[in-house]
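# Quick one: sequence plus predicted model below, questions after.
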Amino acid sequence: MLDPMEPEGRHASKKRRPSKRTGLKIIAVGGGKGGVGKTVITASMATGLARLNKKVVAIDADFGGANLNAVFGSKGPENTIKDFLEGRTDSLESLLCMPTALENLFLISGAPGSYGQANLPKSKIDKLIRCIRRINADFVVLDLGAGSHFNVLDLFLAADMSVVLVNPDPLSILEGFDFVRHSLFRKLALGLQKNKKAAEILCEWGRMETYRATEPFEIQRMAIADMDPEAGASIENLLKGFSPSLLINKLKDPADVAECLAVQVAAQELLDVNMDYAGCVHFDESVFHSVREGIPFLAFDTKSLASRDLAELVITKIVYRKRIQAMFDRKALRRTLREKWGDERRTVMCTLQCLYWEDCPFKEGGFPCKLQHLAGIGGFQA
């Protein structure tokens, strides 16, 4: 059972073990483009699940740009996932901390600013995946890095629910499709290692630039099946096990949904991949303010449009609540979560070492700095 002691404050990082659970579900939040909101969505998704009395572990798996702890308003912990990846501990549970006062929400922080962490050998990622699957929790939510590095793709493919996050802009949509495409061929390449000829054909097709690969994948699949029926059957089975979910973030104009759904349509027509449409999270100014405050937006303003959107996703797409129970869940999530964070706010006090000391209008009396989200950088002190 969980230790009943409350954390000393909102930024407390006491290590605690979640209670024994079965039926762990791993959720990975990925996408080809940086800045689409993966970290912000991950933090609020984990918060919503925890608020529904689920035991949740959020893991910062963005090895090249870790900052999930900052969205929770938590200071950098003493131990990070780097300790596991570099062999200083074999237990992920030894890295657990409580980023908030929610007793069933845990965090494994990344190692921000750590050079080379984004380039890990597959053996380390495989070990990480095995240990993630042994975590005692209801849900593990992975915040993945941007791009299509094999480390990112392998973690994405290891999840039970793989979420592709896109924004309603052309670059994000294109890179979202590319991410699905790369994930598919990574899955096929790993699944067909024993059939070198089929793997070579797939890799050659997979390396082709998106704008050149106009021929539907079905043609390649059928050609391989004619050449090697066993390989064709393997590809068909691998395709059945690959069904990522599309989530639109920062939606301003409802008309843009159709444009974003082009990822889903193209995945079906060009890749033979069935994508689920998970829904959308509307653009909301409160999200920006929640990040500055270090509070997941679902807790910052439970009645905001973005919070309602994500709450609906958590309840209906992840927890799979039916109509009556979903109604009670919505009410539960709408109750204020801010009391769990308390009235404490992260403050960065004025210091002579601050880069902006000469021009800062907030130095009189030690007022909180407007640049508090930069704590830990270049002279800013908590």
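Thanks, I have the structure now. Numbers count the residues shown, from 1 in each chain.

# Would you mind measuring from the closest residue to residue 124 other than its chain neighbours to residue 148?
Nearest non-adjacent residue to residue 124, counting by Cβ to Cβ, 6 or more residues apart in numbering: residue 85, 5.6 Å away. For glycine as for every other residue, the C-beta is placed from the backbone atoms N, C-alpha and C. With distances taken as Cβ to Cβ, to the nearest Å, residue 85 is found 20 Å from residue 148.

# try residue 296
Relative to residue 148, residue 296 is positioned 27 Å away (Cβ to Cβ).

# Go ahead and confirm the residue nearest to residue 124 touches residue 126.
No - under the criterion of Cβ atoms under 8 Å, residue 85 is not in contact with residue 126, lying 11.9 Å apart.

# picking that back up, in contact with the residue nearest to residue 124, which residues are there?
Shown in contact with residue 85 (Cβ atoms under 8 Å, 6 or more residues apart in numbering): 63, 117, 120, 124, 128.

# Pick the one among those closest to residue 53.
When these are compared for distance to residue 53 (Cβ to Cβ), residue 128 wins out at 27.4 Å.

# list the contacts for that closest one?
Applying Cβ under 8 Å, 6+ apart, one finds that residue 128 lies in contact with 81, 84-85, 92, 155.

# Bridging across strands, which residues link to the residue nearest in space to the middle of the chain?
The chain has residue 143 as the residue nearest its centroid, 2.7 Å off, counting by Cα atoms, centre = their mean. Bridge pairing for residue 143 (DSSP bridges) gives the partners residue 29, residue 60.

# same thing with residue 166?
residue 248.

# now it: how far from residue 294?
In terms of Cβ to Cβ, residue 166 sits 26 Å off from residue 294.

# ok, the two, which is more surrounded?
A direct count of neighbours by other Cβ atoms under 10 Å for residue 166 and residue 294 places residue 166 higher, at 30 against 26.

# per-residue confidence at the more buried one?
Predicted confidence (pLDDT) for residue 166: 96.

# Check whether it really touches residue 29, as I assumed.
No - using Cβ under 8 Å, residue 166 is not in contact with residue 29, being 11.7 Å away.

# all strands for the stretch 201-350 of the chain, in order.
245-251, 276-282 (DSSP state E, counting those that start in this stretch).

# give the contact list for the residue nearest to the centre of the chain.
For residue 143, the contact set (Cβ under 8 Å, 6+ apart) comprises 29, 38-39, 42-43, 58-62, 68.

# Dump those residues into a markdown table; add neighbour count, pLDDT and distance to residue 205 as well.
Output for the contacts of residue 143, formatted as a markdown table (neighbours: other Cβ atoms under 10 Å; pLDDT from 0 to 100; distance: Cβ to Cβ, whole Å):
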| residue | neighbour count | pLDDT | distance to residue 205 |
| --- | --- | --- | --- |
| 29 | 31 | 98 | 28 |
| 38 | 25 | 97 | 28 |
| 39 | 26 | 96 | 33 |
| 42 | 28 | 98 | 32 |
| 43 | 33 | 97 | 37 |
| 58 | 31 | 98 | 36 |
| 59 | 28 | 97 | 33 |
| 60 | 28 | 96 | 34 |
| 61 | 27 | 94 | 28 |
| 62 | 25 | 92 | 29 |
| 68 | 27 | 94 | 35 |
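
# Next, format these as JSON lines and append distance to residue 189.
Shown next, in JSON lines, are the contacts of residue 143 (distance: Cβ to Cβ, whole Å):
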{"residue": "29", "distance to residue 189": "23"}
{"residue": "38", "distance to residue 189": "24"}
{"residue": "39", "distance to residue 189": "28"}
{"residue": "42", "distance to residue 189": "27"}
{"residue": "43", "distance to residue 189": "32"}
{"residue": "58", "distance to residue 189": "29"}
{"residue": "59", "distance to residue 189": "25"}
{"residue": "60", "distance to residue 189": "27"}
{"residue": "61", "distance to residue 189": "21"}
{"residue": "62", "distance to residue 189": "23"}
{"residue": "68", "distance to residue 189": "29"}
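
# just curious, which of these is nearest to residue 301?
Nearest to residue 301 out of the contacts of residue 143 is residue 43 (Cβ to Cβ; 14.2 Å).

# tell me the domain boundaries of this protein?
Per automatic domain parsing, the structural domains of the chain span 25-345, 347-382.

# With respect to burial, which of those scores highest?
domain 25-345 (a mean of 19; mean count of other Cβ atoms under 10 Å).

# Per-residue pLDDT of residue 146, please?
90.

# who's in contact with it?
Residues in contact with residue 146 (Cβ under 8 Å, 6+ apart) are 31-35, 38, 62, 65, 152.

# Return the member of the residues you listed nearest to residue 270.
For the contacts of residue 146, the nearest to residue 270 is residue 32 (15.6 Å; Cβ to Cβ).

# roughly how far apart are residue 50 and residue 139?
For residue 50, the distance to residue 139 - Cβ to Cβ - is 9 Å.
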